[in-house]
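*Asks:* Fold the stuff below for me.
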Amino acid sequence: MRIKKTILHQNIQGELSMCLICWLFFLGSLICLNLKVNALIPSSPQDQTRRAVRSINDAIRKADGSNCRLYVDYLIPLPPETSEADIDPWPGGLAQQYTYASDILKEILQSVVDDPAGPCQTQVLSEPDCCGFFLQESKTAASQDVAALLFPGADQLKQIADVDKMVGSKRTLLIFNRQFKRPADFGFGKRKESEKLIFDRFSWGFAFQELACRGEDVKLTFEHPNWNSCVMMEDGETELPLFDPQPTRPIYDELGTKINEVLPEPLWMRMLGEAEEKGLKFQRGSDDQSKSDEE
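*Replies:* Residues are numbered from 1 along each chain as shown. This next block holds a predicted model:
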């Protein structure tokens, strides 16, 4: 009788231990999933597209069908054949990027429009400047159509004005990966016109940008209605947040000041400290091999 009770007690303890292990594993999975969901920057091209669609839709709803004009800065993934030895992953420039960007833009437009009417319509507006026009129509109503300009530059001011007029005030127009940044890019004679047509009317729909600031790899994202910013650490995975979410894009000087605050040691000093601690990278492999040979 005592033996049976002992065996039963052991079985219960074993089952409880297994339940505890499963519960801890479940909690760990939830924590990892939450970290991925709350990552400041997209984890993959597919994740970037999902975030872009969600943010653009939020911006369109905010505009409530009234003259919605949005910028989209999408970080186009490098081509599959790219290697670390490539000095320039896009030797063909915009002409090489156009095919990749075109497919991405079509996917975004078809996802933004609730009830798309057939495939996305496309037209090349300027072959030398690699500027294209895209239109995804909706079965529901013409006001639900979404149009986009891909790679428009300062030389396309007239085409931008023509497209803007054709799209009208009730349909959404996106400027996707613009090739200008400020009114001055359009030259003195067209500065006022560009301000009136573009800069005074367009706001951000989505952005994923990267830049170097104080030698650090800085990532900026806009997901309606806020900008987020972080430094990508040396391991390529850790995100160090800079500013709290804010409606305005942080400028370069603000980023530099904040980086000095949160990372007093510059990257080269941190790398030097790592080299002193672990040895130079080209030596680490030989040292590890020597240790294994001795064993």
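
*Asks:* Just checking, which helix or strand succeeds the lengthiest strand in the chain along the chain?
*Replies:* The residue-count maximum for a strand in the chain (DSSP state E) belongs to strand 203-213. Downstream of strand 203-213, the next assigned helix or strand under DSSP states H and E is strand 216-223.

*Asks:* which other helices and strands contact that next one?
*Replies:* Judged by 3 or more CB pairs under 8 Å, 6 or more residues apart in numbering; DSSP states H and E, strand 216-223 is in contact with helix 45-63, strand 203-213, strand 226-232, helix 252-262. Placement of C-beta: from N, CA and C, glycine included.

*Asks:* which other residues reach it?
*Replies:* Residues from elsewhere that reach strand 216-223 (CB atoms under 8 Å, 6 or more residues apart in numbering): 40-42, 51, 54-55, 58, 73, 204-212, 227-232, 239, 242, 249-250, 255, 259, 263, 267.

*Asks:* Please put the alpha-carbon coordinates of that strand into CSV.
*Replies:* Extracted C-alpha coordinates of strand 216-223, given in CSV (Å, rounded to 0.1, in the frame of the first residue of the first chain):
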residue,chain,number,x,y,z
GLU,A,216,26.2,54.7,-35.6
ASP,A,217,23.7,52.8,-37.7
VAL,A,218,20.5,54.8,-37.1
LYS,A,219,17.0,53.6,-38.2
LEU,A,220,14.0,55.8,-38.4
THR,A,221,10.4,54.6,-39.0
PHE,A,222,7.1,56.4,-39.4
GLU,A,223,4.0,54.4,-38.7
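
*Asks:* Can you give the strand pairings for it, parallel or anti for each?
*Replies:* strand 203-213 (antiparallel), strand 226-232 (antiparallel) (DSSP bridges).

*Asks:* List the buried residues for that strand?
*Replies:* E216, V218, K219, L220, T221, F222, E223 (16 or more other CB atoms under 10 Å).

*Asks:* can you pull out the strands in the stretch 101-250 of the chain?
*Replies:* 121-126, 131-136, 146-150, 172-176, 203-213, 216-223, 226-232, 239-241 (DSSP state E, counting those that start in this stretch).

*Asks:* Contacts only, for the residue nearest to V146 when sequence neighbours are not counted.
*Replies:* Of all residues beyond its chain neighbours, the one nearest V146 is T172 (4.6 Å), with distances taken as CB to CB, 6 or more residues apart in numbering. Residues in contact with T172, defined by CB under 8 Å, 6+ apart, are I60, A63, C68, R69, L70, V112, D145, V146, A147.

*Asks:* Which one (most neighbours) among these?
*Replies:* The most crowded member of the contacts of T172, judged by other CB atoms under 10 Å, is V146 (26 neighbours).

*Asks:* In the protein, where is pLDDT below threshold?
*Replies:* Counting by pLDDT under 70, the chain contains low-confidence residues at 1-38, 273-295.

*Asks:* One more pass at 90, please.
*Replies:* Applying pLDDT under 90 to the chain flags the ranges 1-39, 64-66, 79-89, 234-236, 265-295.

*Asks:* wait, what's in contact with the residue nearest to Q159 when sequence neighbours are not counted?
*Replies:* Spatial nearest neighbour of Q159, excluding adjacent residues (CB to CB, 6+ apart): L125 at 4.9 Å. By CB under 8 Å, 6+ apart, the contact list for L125 reads C131, G132, F133, L149, P152, Q156, Q159, V163.

*Asks:* how close does the last one get to D244?
*Replies:* Meaning V163. Here V163 is placed at a distance of 37 Å from D244 (CB to CB, to the nearest Å).

*Asks:* How many neighbouring residues does L242 have?
*Replies:* So L242, with other CB under 10 Å, has 24 neighbours.

*Asks:* Near the closest residue to it other than its chain neighbours, how many other residues are there?
*Replies:* Spatially, and ignoring its direct neighbours in sequence, L242 is nearest to S229 (4.2 Å; CB to CB, 6+ apart). S229: 26 surrounding residues under other CB under 10 Å.

*Asks:* Could you do I56 as well?
*Replies:* Applying other CB under 10 Å, we find 25 residues neighbouring I56.
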